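Colleague: Sharing a model prediction with you, sequence too.
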Amino acid sequence: MLKDFFSKKKKYASIPREEAKQDVPEGLMQKCQGCQKIFYRKEMAKNLNVCPECGHHHQMSAYDRIESLLDYGSFIEWDKHLLSNNPLAFPDYEKKLEKDIEKTGINEAVVTGKGKVNGLDTAIAVMDSRFRMGSMGSVVGEKVARAIENARIESMPIIIFTASGGARMQEGALSLMQMSKTSVAIQRLHNAGGLFISVMTNPTTGGVSASFASLGDYNFAEPGALIGFAGRRIIEQTIREKLPEDFQTAEFQLKHGQIDKVIPRHDMKRILTTILDIHQ
Amino acid sequence: MKQVLEFEKPIIELREKIDELKKITVDSDFDLSKEINTLEQRLEKLEGDIYGNLKPWDRVQIARHTDRPTTLDYIENLFTDFIEFHGDRLFGDDESIVSGIAKYEGQPITVIGHQRGKNTKENIRRNFGSPHPEGYRKALRHMKQANKFNRPIVTFIDTKGAYPGKAAEERGQSEAIARNLMEMAGFNVPMISIVIGEGGSGGALALGVSDHIHMLENSTYSVISPEGAAALLWKDSKQAQKAAESLKITSYDLKELKVIDEIIPEPRGGAHRDVLLQSQFMDKVLKESLKQLNEIKTEELLEKRWEKYKQIGDINEPSSL
């Protein structure tokens, strides 16, 4: 009984101070969107944002993608300074753009330039779905079209990684016309005998899927990527039936003959190198 | 029963009143000609006020009017010797697109357009003018043929959009649209597109990469339907009216955005009021357009087409890096 007075047992749970809570860095851990398991963010990043457990391919920023593919120090960026206007004076559009510039550190939803893949020259455009869902407005269309033109003029292949929800609503018909602009540029490239490799990543839908993304000499996709024209919800409402789980995935598109190959991220550089080499 | 549009109701009511008074004049001995005259003047002014100040949403209603003339109406009025051809040679025949050869002012042309139905039965057959991939591939097949035989291509655009269906996705809706955009860029023949009703997004554009793009005054051309935009932006498709204004989808907007070349006027109240007059207005623009393009050499034509699309867009390019 007397012993109880000297017990070290705590009677209250200790609550960490506010400052102590903040000592744990934000986003140290990351939950896999495929298997729901928790991983160190660093570990995931080291594995190219592919889940070490289930192989789920997570979103990748444009610069991370470029770093994962191009030879170190070989990348020269084009048109980095281009910014979007608000041509329709669309409500809240500027605010949304500013927020995304701050969030992503890039000026628009695509990064373009040139570099080397295992010593082979190529132009490259990489879309970034963190910026306005990767949607295509005037600037995205312009940067992609310029990159294609540069590739044609410099007799260089071009690889485009798409990640886009489609045309950007806030620029109305101007966005729609970027589908034409980029497609006309692709036509000129093909006409000149240029090589265009399209790699569709999650997601590639709407106006981007229905323009340059589908116009490669080779159309590839990353595993599990959502690829399609119309959105699942709209289709379900239109046809009044539930769509299969794998509808509009990369594997679904492969099965229906719409793409050449599904390429896991870890094989990407090797396969692109082989294709670039064969077209030397 | 004629479809009455919301904004036209005051006109209809006044016209009914006038008709009533006229009937009374005939049935009895009262002389109401003075009153009738006043009311008719008022009607004239009211019509001028309403039709002269159409809001974007009013134009959307006109563009969707069930009686609005379709591709086949204009083909009949503008061209001679039209023969329709079918099928994409790969899968089937998509009747939401009509396509064939004809003569315009004696010159052989290929004509292609979205085709809506005028009643439920025809609409089902034509899938309400919303094509599947085979429709776009049929169009492409005929455009290639036009290119081979050096015939100018005239397209009529009139669709809510490419059909959002399971089968359409399985057969490559995206690829079919994309391919048309790309191939149209490279044809050596003059290409003219006229938006006659709704120009719905990629499904409209797939017939619309042309040297000249014209729009009927009350037609619309948009990246997304006003209802779709409203649902995305404000989670409420009833805000479509507001979205129609924000999206800038009228012929006047697109002219200002330098997306289209000419606005083709419509008879007062819309094309459905007088198809023949409408066709005459179109004839005038089409004739001038084709004349201009016929005179341009192939190489220059292709270069100009690229220049045309290259300049579309609004970007902020700071001059100092």
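Modeller: That came through, no problem. Since the model is a prediction, treat every value here as computed from it, not as a measurement.

Colleague: Please count neighbours and contacts with C-alpha atoms only from this point.
Modeller: OK.

Colleague: residues contacting the residue nearest the centre of chain B?
Modeller: Closest residue to the average C-alpha location of chain B: residue B:196 at 2.0 Å, with CA atoms, centre = their mean. Residues near residue B:196 by CA atoms under 8 Å, 6 or more residues apart in numbering or on different chains: B:63, B:70-71, B:156-158, B:215-216, B:219.

Colleague: Helices - which of those land there?
Modeller: Using DSSP state H, the members of the contacts of residue B:196 that fall within helices are B:63, B:71.

Colleague: buried ones in the host helix or strand of residue B:18?
Modeller: Here residue B:18, judged by DSSP states H and E, is contained in helix B:9-27. Buried residues in helix B:9-27, counted by 16 or more other CA atoms under 10 Å in any protein chain shown: B:11, B:14, B:18, B:21-22.

Colleague: Which residue ranges of the stretch 1-150 of chain B form strands?
Modeller: With DSSP state E, counting those that start in this stretch, the ranges of strands along the stretch 1-150 of chain B come out as B:80-84, B:97-104, B:107-114.

Colleague: average model confidence for the lengthiest strand in chain B?
Modeller: If each strand of chain B is counted by residues according to DSSP state E, the longest one is strand B:191-200. Taken as a whole, strand B:191-200 has an average pLDDT of 97.

Colleague: got the contact list for the very next helix or strand once past it?
Modeller: Following strand B:191-200 in sequence order, the next helix or strand is helix B:201-205 (DSSP H and E). Residues from elsewhere that reach helix B:201-205, judged by CA under 8 Å, 6+ apart: A:176, A:180, A:207, A:210, B:130-131, B:157-163, B:177, B:181, B:199, B:221-224.

Colleague: backbone phi and psi for residue 258, please?
Modeller: This is for chain A. Note on residue A:258: backbone dihedrals following degrees, to the nearest 10 are phi -90, psi -20.

Colleague: Where does pLDDT dip in chain B?
Modeller: B:1, B:320-321 (pLDDT under 70).

Colleague: Who's the closest spatial neighbour of the residue in the stretch 1-150 of chain B positioned nearest to chain A, skipping the chain neighbours?
Modeller: Here the stretch 1-150 of chain B gets closest to chain A at one residue, residue B:133, 11.1 Å apart by CA to the nearest CA. Computed as CA to CA, 6 or more residues apart in numbering or on different chains, the closest residue to residue B:133 that is not its neighbour in sequence is residue B:173, at 4.9 Å.

Colleague: Is the one you found in contact with residue B:132, as I believe?
Modeller: Yes. Residue B:173 is within contact range of residue B:132, at 6.6 Å (criterion: CA atoms under 8 Å).

Colleague: Please identify which of these two sits among more neighbours.
Modeller: Taking neighbours as other CA atoms under 10 Å in any protein chain shown, residue B:173 and residue B:132 compare with residue B:173 leading, 31 against 28.

Colleague: Tell me who's in contact with the more buried one.
Modeller: Residue B:173 touches A:210, A:228-229, B:132-133, B:162, counting by CA under 8 Å, 6+ apart.

Colleague: Can you name the residues that contact residue 221?
Modeller: The chain I'm using is chain A. Residue A:221 makes contact with A:199-201, A:250, A:259, A:261-263, according to CA under 8 Å, 6+ apart.

Colleague: Wait, chain B was what I had in mind.
Modeller: Residue B:221 touches A:173, B:195, B:198-201, B:249-251, B:254, counting by CA under 8 Å, 6+ apart.

Colleague: related to what we said a few turns ago, in helices only, show me the contacts of helix B:201-205.
Modeller: A:176, A:180, A:207, B:177, B:181.

Colleague: And for the first one, the neighbour number?
Modeller: Yep, that's residue A:176 we're talking about. There are 30 residues near residue A:176, going by other CA under 10 Å.

Colleague: measure it to residue B:87 for me?
Modeller: To residue B:87, residue A:176 is 28 Å away according to CA to CA, to the nearest Å.

Colleague: check which helix or strand covers the spatially most central residue of chain A.
Modeller: Per CA atoms, centre = their mean, the C-alpha nearest to the average position across chain A is that of residue A:163, at 3.8 Å. Using DSSP H and E, residue A:163 sits in strand A:158-164.

Colleague: so does that strand get close to chain B?
Modeller: No. With CA under 8 Å from any CA of the partner chain as the criterion, chain B is not reached by strand A:158-164; the gap is at least 13.5 Å.

Colleague: Tell me if residue A:122 really is in a strand.
Modeller: Yes. Judged by DSSP: H, G, I helix; E, B strand; the rest coil, residue A:122 forms part of a strand.

Colleague: Now the nearest residue to it once chain neighbours are set aside: phi and psi?
Modeller: Closest residue in space to residue A:122, ignoring its immediate chain neighbours: residue A:157 at 5.1 Å, by CA to CA, 6+ apart. Note on residue A:157: backbone dihedrals following degrees, to the nearest 10 are phi -70, psi 170.

Colleague: just checking, residue A:157 touches residue A:117?
Modeller: No. In this structure, residue A:157 is not within contact of residue A:117 by CA under 8 Å, at 11.2 Å.

Colleague: Touching the helix or strand that contains residue A:94 from outside, list them.
Modeller: Per DSSP H and E: residue A:94 is located in helix A:93-104. By CA under 8 Å, 6+ apart, the residues outside helix A:93-104 that reach it are A:84-86, A:107-108, A:130-132, A:170.

Colleague: what's the most buried one of the strands of the stretch 1-150 of chain B?
Modeller: Across the strands of the stretch 1-150 of chain B, the average number of neighbours (mean count of other CA atoms under 10 Å in any protein chain shown) peaks for strand B:107-114, which reaches a mean of 25.

Colleague: Taking strand B:191-200 as reference, get the angle to that one.
Modeller: 10 degrees (axes from the mean of the first three to the mean of the last three CA atoms, to 10 degrees).

Colleague: Now do the strand ranked longest in chain A: distance to the chain's middle.
Modeller: Using DSSP E, we find that the single longest strand of chain A is strand A:196-205. Centroid separation for strand A:196-205 versus its chain: 8 Å, with CA atoms, centre = their mean, to the nearest Å.

Colleague: any idea of the mean pLDDT in that strand?
Modeller: Rounded mean pLDDT across strand A:196-205 is 98.

Colleague: Stretch A:137-154 now?
Modeller: The average pLDDT within stretch A:137-154 is 98.

Colleague: Hmm, residue B:100 and residue B:139 touching each other?
Modeller: No. Counting by CA under 8 Å, residue B:139 does not reach residue B:100; the two are 9.1 Å apart.

Colleague: Overlap in contacts, the two.
Modeller: Applying CA under 8 Å, 6+ apart, one finds that residue B:139 and residue B:100 are jointly contacted by residue B:112.

Colleague: Keep only the contacts of helix A:93-104 that also lie close to chain B.
Modeller: A:84-86, A:170.

Colleague: In strands only, show me the residues you listed.
Modeller: Per DSSP E, these map to strands at residue A:84.

Colleague: Of the contacts of residue B:221, which pair is most distant in space?
Modeller: Spanning the widest gap among these are B:201 and B:251, at 14.8 Å by CA to CA.
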